[in-house]
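K.L.:
model the following, please.
(4 chains)
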Protein chains: 2
Amino acid sequence: MAKIKSPDQTSKRDIIHAVAAELFREKGFRATSMRELASKVGIEAASLYNHIEGKNELLISICFKVASNFTQKMNEVENMDSDIITKIELLIRYHVHENVHNYKDVYVSDREWRNMADPELSKYREMRRSYRKRFTSIVEKGISRGEIKKVDANTAVMIFLSAIAAVDQWQRIINKVSSEELENNMVSILIDGLRK
Amino acid sequence: MAKIKSPDQTSKRDIIHAVAAELFREKGFRATSMRELASKVGIEAASLYNHIEGKNELLISICFKVASNFTQKMNEVENMDSDIITKIELLIRYHVHENVHNYKDVYVSDREWRNMADPELSKYREMRRSYRKRFTSIVEKGISRGEIKKVDANTAVMIFLSAIAAVDQWQRIINKVSSEELENNMVSILIDGLRK
DNA sequence: TACTATTACTAACATCTGTTAGTTTTGAAA
DNA sequence: TTTCAAAACTAACAGATGTTAGTAATAGTA
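P.N.:
Take a look at the predicted model:
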């Protein structure tokens, strides 16, 4: 068949990437076979290679798409003219939002990135490192301005990032409370703590 | 050779389990081969089977050992007669401690348990669910007693568990600050928040 | 020294893996 | 209706995987 335009504008390549993200999330990158992926797409394994370069490309694509989204948001927030607490709140809300609405990709990029190989692995590690550093700098600025109490900024960022990364695991919560409510809860607990 | 007693009281089976935990943590369960494990132990792959039942047994053993440790601690804390905040603080401190001093096993049980198969998988899931539920009950009791402000208890527990689970990833921090300092930072941020 | 259970070895198995080669089918454009 | 590139198929590869069978080496005990 010649250039096929699927009715809903999504190319087969996009479908494969989406199904891959789903499987990588459910079973892990290593535990997902190309035959299983192909079967879920509805074709034979060998036919996948008419649309993609290989298994590694799928993971690389997912990881860097997510990393670039977060980097872009960080650029925005850094250039804003507002309180530090507000900036942190915005970042938390963005993380929660992405973890709810884009959870497959976000989860895979967060848990399966180790399966990449160099040079992508090094590049991805550097992007993560840089993002954390920028987040930490914001917290440190808040401390020096007196908006935030004196805590270890690295520990604070660690808590934020890991807490938010786990959002998607708690489907019960996502189902019970809306994404907005979840954001509010997270912001409240992380910024003002538990104690009354 | 007959029953061999290694000089330091650790059986070869224990060594294999320890090396397995190390490799599973570094590369993941699926990405670790029995040949690689054997090589690190200093024997051939087939010789492993004189000491262990198989690859799955290694994962199962690690996961349930950790789960049982946490369950035991939960029993202790539940039966204590103290403030809710104190109980939560104790649980947080125990989690941080385990994540620092027993990090290989804890990490593997937290990230690789999906690779188990039934019936162990179901049993493990049930243990996790139960632990979270008991933790949530403690938070809810704190809310009804007025010790803790009104937040979604599930979200609070989610934040705790995931934040703590990530401790070991942040080696820089562990190296820079002591385990005790780390505990203090975590407790301070999680219980009293960031805002000054 | 002879015995024996334990542990190591070599060789091989069956299966699964990602991927390639070569061929056929498909369907829009001419 | 013919044409032709896109995309599906079958078959097979080379390598890795967990595990088993069968055998040799080992070392404490009798």
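
K.L.:
any idea how far the residue minimising distance to the centre of chain A is from residue B:84?
P.N.:
Among the residues of chain A, the one closest to the centroid is residue A:106, at 2.8 Å (Cα atoms, centre = their mean). Summarising the geometry, the distance separating residue A:106 from residue B:84, computed by Cβ to Cβ, to the nearest Å, is 33 Å. Yep, even glycine has a C-beta here, placed from its N, CA and C like the rest.

K.L.:
cool, residue A:64 as well?
P.N.:
If you measure residue A:64 against residue B:84 using Cβ to Cβ, the figure is 44 Å.

K.L.:
longest helix in chain A, by residue count?
P.N.:
Among the elements of type helix in chain A, defined by DSSP state H, the one spanning the most residues is helix A:120-145.

K.L.:
how about that helix: buried residues?
P.N.:
When neighbours are counted by 16 or more other Cβ atoms under 10 Å in any protein chain shown, the buried residues of helix A:120-145 are found to be A:120, A:124, A:127-128, A:131-132, A:134-136, A:138-140, A:142-143.

K.L.:
for residue A:132, give its distance to residue A:158.
P.N.:
Taken as Cβ to Cβ, the spacing of residue A:132 relative to residue A:158 amounts to 8 Å.

K.L.:
return the helix or strand in chain A with minimum mean pLDDT.
P.N.:
Each helix and strand of chain A was given a mean pLDDT (mean pLDDT, DSSP states H and E); the minimum falls on helix A:171-176 at a mean of 62.

K.L.:
I'd like the next helix or strand past it.
P.N.:
Read in the C-terminal direction, the helix or strand following helix A:171-176 is helix A:179-192, with elements assigned using DSSP states H and E.

K.L.:
quick check: mean pLDDT across stretch A:57-69?
P.N.:
Averaged across stretch A:57-69, pLDDT comes to 96.

K.L.:
for stretch A:26-34, same thing?
P.N.:
95.

K.L.:
span of it from start to end?
P.N.:
15 Å (Cα to Cα, to the nearest Å).

K.L.:
wondering if that stretch reaches DNA strand D at all.
P.N.:
No - judged by Cβ under 7 Å from any atom of the strand, stretch A:26-34 makes no contact with DNA strand D; its nearest approach is 9.6 Å.

K.L.:
what does that stretch rub up against?
P.N.:
Outside stretch A:26-34, the residues that touch it by Cβ atoms under 8 Å, 6 or more residues apart in numbering or on different chains are A:20, A:23-24, A:45, A:48, A:55, A:59, A:108, A:111-112, A:115, B:28, B:30-31, B:114-115.

K.L.:
OK, contacts around the residue nearest to residue A:110 when sequence neighbours are not counted?
P.N.:
If you skip the residues right next to it in sequence, residue A:110 has residue A:165 as its closest partner in space, 5.1 Å away by Cβ to Cβ, 6 or more residues apart in numbering or on different chains. Residue A:165 makes contacts with A:95, A:99, A:106, A:110, B:162, B:166, as judged by Cβ under 8 Å, 6+ apart.

K.L.:
so among those residues, which ones count as buried?
P.N.:
With burial judged by 16+ other Cβ under 10 Å, the buried subset of these is A:95, A:99, A:106, A:110, B:162, B:166.

K.L.:
redo these as JSON lines? Include distance to residue A:69 and secondary structure.
P.N.:
Rendered in JSON lines, the data for the buried ones among the contacts of residue A:165 read as follows (distance: Cβ to Cβ, whole Å; DSSP: H, G, I helix; E, B strand; the rest coil):
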{"residue": "A:95", "distance to residue A:69": "11", "secondary structure": "helix"}
{"residue": "A:99", "distance to residue A:69": "12", "secondary structure": "helix"}
{"residue": "A:106", "distance to residue A:69": "9", "secondary structure": "helix"}
{"residue": "A:110", "distance to residue A:69": "13", "secondary structure": "helix"}
{"residue": "B:162", "distance to residue A:69": "21", "secondary structure": "helix"}
{"residue": "B:166", "distance to residue A:69": "21", "secondary structure": "coil"}
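
K.L.:
biggest separation within those residues, which pair?
P.N.:
By the measure Cβ to Cβ, the buried ones among the contacts of residue A:165 have their two most distant members at A:106 and B:166, which lie 15.2 Å apart.

K.L.:
re the thing from before, is any part of the longest helix of chain A close to DNA strand C?
P.N.:
No - using Cβ under 7 Å from any atom of the strand as the criterion, no contacts between helix A:120-145 and DNA strand C are found, and the smallest distance is 13.4 Å.
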